[in-house]
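Student: I would like the atomic coordinates for the input below:
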Amino acid sequence: ISRLLKAPRQLVWDVYSKPEHLMHWFGPKGSTMPHCELDFRTGGTFHYSMKTGEGMELWGMWLLRELVEPEKIVLVQHFSDPQGGVTRNPWAPTWPLYTLSTTTLTEQDGGTLMTLVWAPYEATEEESALFAASHDSMTQGWSGNIDVLEDYLSLLQS
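Tutor: Take a look at the predicted model:
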């Protein structure tokens, strides 16, 4: 998924790398982030909870593998419990336990081209097949989240 954001690359990096920003945009429209603990360094983690508009609480964790400021973030993501333990996707028990996400930020046309590549990580054949079959749904979900990011970036620049 790629999107040209109308914001400087350093600002986009900052909203990814600071908890006070992540709490405002990371997640689907209408969700909130009651818990946000971030150690933004290679080898660090981002442990968070999200409360959906319907009131469901979800926990997740990023394991930060590679950070190249202000251009690249590589992480392994998994669903978690409040203590940070690895859990299964609550809607799809055969979803990959881990996914690998690479976000690149490239200066372009006075803004930032954000590209997100997401793939199963250490997944079984069944998990990989479900992931592959879910591309349309994931694209829709990430596109909505990037809409929230764009709105937040606009607020920061006004």
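
Student: buried set for the helix or strand Q77 falls within?
Tutor: Counting by DSSP states H and E, the secondary-structure element that holds Q77 is strand 72-80. For strand 72-80, the buried set under the neighbour-count rule, 16 or more other CB atoms under 10 Å, comprises I73, V74, L75, Q77, H78, F79, S80. The way it works is simple: take the backbone N, C-alpha and C, and place the C-beta from them, glycine included.

Student: My understanding was that the fourth one contacts L64; is that so?
Tutor: No. Contact status for Q77 versus L64: not in contact, 10.3 Å apart, counting by CB atoms under 8 Å.

Student: Spatially central residue in the chain, please.
Tutor: F26 (6.6 Å; CA atoms, centre = their mean).

Student: if you skip the residues just before and after it, what's nearest to it?
Tutor: Sequence neighbours aside, M33 is the residue nearest to F26 in space, at 6.6 Å (criterion: CB to CB, 6 or more residues apart in numbering).

Student: picking up where we left off before, got the buried residues of strand 72-80 as CSV, with pLDDT columns?
Tutor: CSV is the format used below for the buried residues of strand 72-80 (pLDDT from 0 to 100):
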residue, pLDDT
I73, 98
V74, 98
L75, 98
Q77, 97
H78, 98
F79, 97
S80, 97
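
Student: Helices along this protein, start to end?
Tutor: 9-17, 19-25, 125-133, 135-157 (DSSP state H).

Student: same for the third one, what does it pack against?
Tutor: The contact analysis (3 or more CB pairs under 8 Å, 6 or more residues apart in numbering; DSSP states H and E) places helix 125-133 against strand 111-121.

Student: Between helix 135-157 and the strand it packs on, find me the angle.
Tutor: 140 degrees (axes from the mean of the first three to the mean of the last three CA atoms, to 10 degrees).

Student: and the angle for strand 111-121 with helix 9-17?
Tutor: Interaxial angle, strand 111-121 versus helix 9-17 (the same axes, to 10 degrees): 40 degrees.

Student: Just give me how far strand 111-121 sits from the chain centre.
Tutor: With CA atoms, centre = their mean, to the nearest Å as the basis, strand 111-121 stands 9 Å off its chain's centre.

Student: so what strands line up beside it?
Tutor: Strand pairing for strand 111-121, determined by DSSP bridges: strand 2-5 (antiparallel), strand 98-108 (antiparallel).
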